[in-house]
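Enquirer: Just to be clear, the model below is a prediction. Sequence and coordinates:
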Amino acid sequence: MLRLREVPDYLRIPPETGLTAWQTSRIETMKKPIRNIGIIAHIDAGKTTVSERFLYYSGKEYRMGEVHDGSAHMDWLVEEQERGITITSAATTFEWGPCVMNLIDTPGHVDFTAEVERSLRVLDGAIGVFCGVAGVQAQSETVWRQANHYKVPRIAFINKLDRVGADFYRVLDHVSDGLSCQLLALNIPVGTESEFRAVIDLVTMRQFSFDEESLGADVIESDIEPEMEETAELYRSELLEMVSDHDEGVMEKVIEGEPVPDELLRAAIRSGTIARRWVPVLAGSALGNKGIQPLLDAVVHYLPAPADLGPISARKPSNGDPISVTCSEDEPFSALLFKVQIDPHGELIYMRVYSGSLEKGKTAMNPRTGKRERINSMHRMHANSRENLDRTVAGDIVAVTGPRFSGTGDTLCDAKQQVLLEEPIFPETVISMAVEPRSSNDRDKLQEVLSRIEREDPTFRMEINKDTGQFVMSGMGELHLEVIRNRLERDFKVDANIGKPRVAYRQTVACEGSATVSIERQMGGKDHFGEATVTLAPLAEDAEELAELEWIGGPPAIAAEWVQAVEDMIRSCLSGGGDLGFPFIRVQARVQLPPIMLETTEAGLTVAAREAFQGAHKKAGDLLLEPLMSFQVTTPEEYFGSIHQDLVRRRAQIEKVDLVQELRKIAGKVPLAEVFGYTTSLRSLSQGRASISLEPIGFSTAPDNVAERFRF
């Protein structure tokens, strides 16, 4: 029987060194290899439960937290504990074997996809968790695409294999086909559903079971059960065949009929995993305390250390030329700020260090703002608790306090060798609601709190309606705004009246239109003159969701502040105007100024630019764009007909219908306006047995009857 460490190394009394146990542990920890990993999955696939087992078996925690009773260490927000879901990504550090693990547990709900996006941007590897019954779900596909975008090597963990209907081999095929990836099974389950009791390691060809009395902490190694030997040999041969295609050392052993040494096989698997040729797969049940230790071992063996991924791409701030940053303590310092967290004592800013080192109390340059930022304190985080640090080095993920002019996506670097690291990209908001203070005394406090939340959450927007004076907050979905509303009342003690959610529409132009306006008028008792030509042209549907501004022939040779004033006026018009009044996207605004006359003034130019924009807009016409959602409904077969009819009535485009384990999966696209509060309707149609997941995928042209409701 193998027993995990009963007492963590960092609590043991060291030899006579003159140092405390904690000091010795810190010195040793900084020498150990690092794994920066995240856990990604669909909501309720078991991410946080896996994280809690990591902490328990590694000795980081002495109590096993559970999501269902609100005791999970990684779900520390009150809102998370009450809802039983992860809302904000939580970071922690623990040790397993020879490695220090920096772990980020990410949300699975699509409304909080920004947390996944910014976490994957700074991670070196990830564990994709899949339900052993449902397999690939809607958000599974989303987080997998995000990981592909950032080229993150992954391990897959098929969870919940002790549930009714669980099938490891079916999910293996489902993941391979659904996510278009090459899977490499490293262990297979022994027993199915309630009889699931062990896993067989295909590298060592040994069986591992997990003692229930010790909550899985005692791992029992044994020979493979006779009835599983044939299956194990089959999957072992598939493993060797796939690996030998890419590794000459393994191929040589296989051809000669010699045993493949474990370390040679592990090295080959590791090489292919880091190169993203395949995704190793392991089996288990986190809630049943089975298969977690082999998963941790797989992280150590197969996911990369920071230096394994080679130099990362960056840009020079001066001219945008590409350069490389090498992950080494000896290189100049560079780090990416990827998360701002509002703290009772101020702000915590999470930072991934890519090169060099930095000490507490020192300064670093923000090349975007051109300002030096002082690092007042450094912390290694464990959810919402912290451990003070004096120094951070390449590969670390830490939280810092001090920076005043930096936020999510900013780079901090050595002032003498400045670089700009790639920042994460976040989707546009799709839903908004009005919020008003209940008394005039609360107005300033409400504005301050909303501004702080906007700085913390890159998918939250706050603006003040010029006509009504109301604050309008926008986010990624109904749950997103509901959580923020609850935080206003509970955490910040702000009394506010909050309206119903509404769709965040956009507009574009139907065709190209151009107008030239010359004005000569008195304003404020002075004569003003100006002339401008503005052309509005639609951009392709696959263009980025924003509006472009371009000077015809380059910016005019006039005072820089006049050029800026004209640009500000055009951008103001693009932020909302015309008959519909919504912000413009997929539009290019081309501006041209004629030769400047002596009587030309700055005010005259800005007024001419505004009126030229309005004239060009009238000629170009406008189209209303509505947010489009990708959806997946999972329902028992008997409710399929009524749910399908209801979706069609809501203008849904049904793209795919699958039958999986007597459950229908309906996938397609639907306008967001048609699925407000749809969860309640779906429950009534299916007696509470169907579920839906929604993900914003962009904007599409709204029908005329919808657009007419918004015209002035």
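Expert: Yep, it's here.

Enquirer: going forward, measure contacts and count neighbours with C-alpha atoms only.
Expert: Will do.

Enquirer: which residues are in contact with stretch 472-480?
Expert: Identification of contacts with stretch 472-480 by C-alpha atoms under 8 Å, 6 or more residues apart in numbering yields 111-112, 428-435, 459-465, 481, 501, 504, 676, 696.

Enquirer: How far does it stretch from one end to the other?
Expert: 14 Å (C-alpha to C-alpha, to the nearest Å).

Enquirer: can you pull the buried residues of that stretch?
Expert: 472-478, 480 (16 or more other C-alpha atoms under 10 Å).

Enquirer: JSON lines please, covering those residues and showing distance to Thr204.
Expert: Below are those laid out as JSON lines (distance: C-alpha to C-alpha, whole Å):
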{"residue": "Val472", "distance to Thr204": "59"}
{"residue": "Met473", "distance to Thr204": "55"}
{"residue": "Ser474", "distance to Thr204": "53"}
{"residue": "Gly475", "distance to Thr204": "49"}
{"residue": "Met476", "distance to Thr204": "46"}
{"residue": "Gly477", "distance to Thr204": "47"}
{"residue": "Glu478", "distance to Thr204": "49"}
{"residue": "His480", "distance to Thr204": "46"}
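
Enquirer: about what we covered before: restrict the contacts of stretch 472-480 to the buried ones and give me that as a ChimeraX selection.
Expert: Applying 16+ other C-alpha under 10 Å to the contacts of stretch 472-480, the buried members can be selected in ChimeraX as follows:
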select :111,112,428,429,430,431,432,433,434,435,459,460,461,462,481,501,504,676,696
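
Enquirer: Low-confidence stretches in the stretch 301-450 of the chain?
Expert: Within the stretch 301-450 of the chain, the segments meeting pLDDT under 70 span 343-345.

Enquirer: so where do the helices sit in it?
Expert: Assigned by DSSP state H, counting those that start in this stretch, the stretch 301-450 of the chain shows helices spanning 443-456.

Enquirer: where do the strands sit along it?
Expert: Counting by DSSP state E, counting those that start in this stretch, one finds strands in the stretch 301-450 of the chain at the ranges 312-315, 322-325, 334-343, 346-355, 357-359, 363-366, 371-374, 377-382, 385-389, 391-393, 397-401, 411-413, 420-421, 431-437.

Enquirer: With respect to burial, which of those scores highest?
Expert: Of all these, strand 411-413 has the most neighbours on average by mean count of other C-alpha atoms under 10 Å, namely a mean of 28.

Enquirer: Residues contacting that strand, please?
Expert: Outside strand 411-413, the residues within contact range by C-alpha under 8 Å, 6+ apart are 332-337, 364-368, 373, 419-421.

Enquirer: Repeat that for stretch 536-555.
Expert: Applying C-alpha under 8 Å, 6+ apart, the contact partners of stretch 536-555 are 428, 508-514, 563, 567, 570-571, 574, 584-592, 613, 616-617, 620, 698.

Enquirer: lowest-pLDDT helix or strand in this structure?
Expert: Every helix and strand of the chain was ranked by mean pLDDT, DSSP states H and E. The lowest is strand 2-3, at a mean of 40.

Enquirer: State which helix of the protein is the longest.
Expert: Counting by DSSP state H, the longest helix found in the chain is helix 602-620.

Enquirer: pLDDT weak spots in the stretch 551-700 of the chain?
Expert: By pLDDT under 70, the low-scoring segments of the stretch 551-700 of the chain are 577-578, 661.

Enquirer: And the helices in it?
Expert: Under DSSP H, counting those that start in this stretch, the stretch 551-700 of the chain gives helices at 560-574, 602-620, 640-649, 678-686.

Enquirer: Show me what counts as buried in the first one.
Expert: For helix 560-574, a neighbour-count test (16+ other C-alpha under 10 Å) marks 562-563, 565-567, 569-571, 573-574 as buried.

Enquirer: likewise stretch 239-252?
Expert: Across stretch 239-252, burial judged by 16+ other C-alpha under 10 Å covers 239-240, 242-244, 247, 250-251.

Enquirer: Make TSV from those and add pLDDT, distance to Ile158 and secondary structure to it.
Expert: Formatted as TSV, these follow (pLDDT from 0 to 100; distance: C-alpha to C-alpha, whole Å; DSSP: H, G, I helix; E, B strand; the rest coil):
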residue	pLDDT	distance to Ile158	secondary structure
Leu239	95	17	helix
Leu240	94	21	helix
Met242	94	20	helix
Val243	95	21	helix
Ser244	93	25	helix
Asp247	91	26	coil
Val250	92	27	helix
Met251	93	28	helix
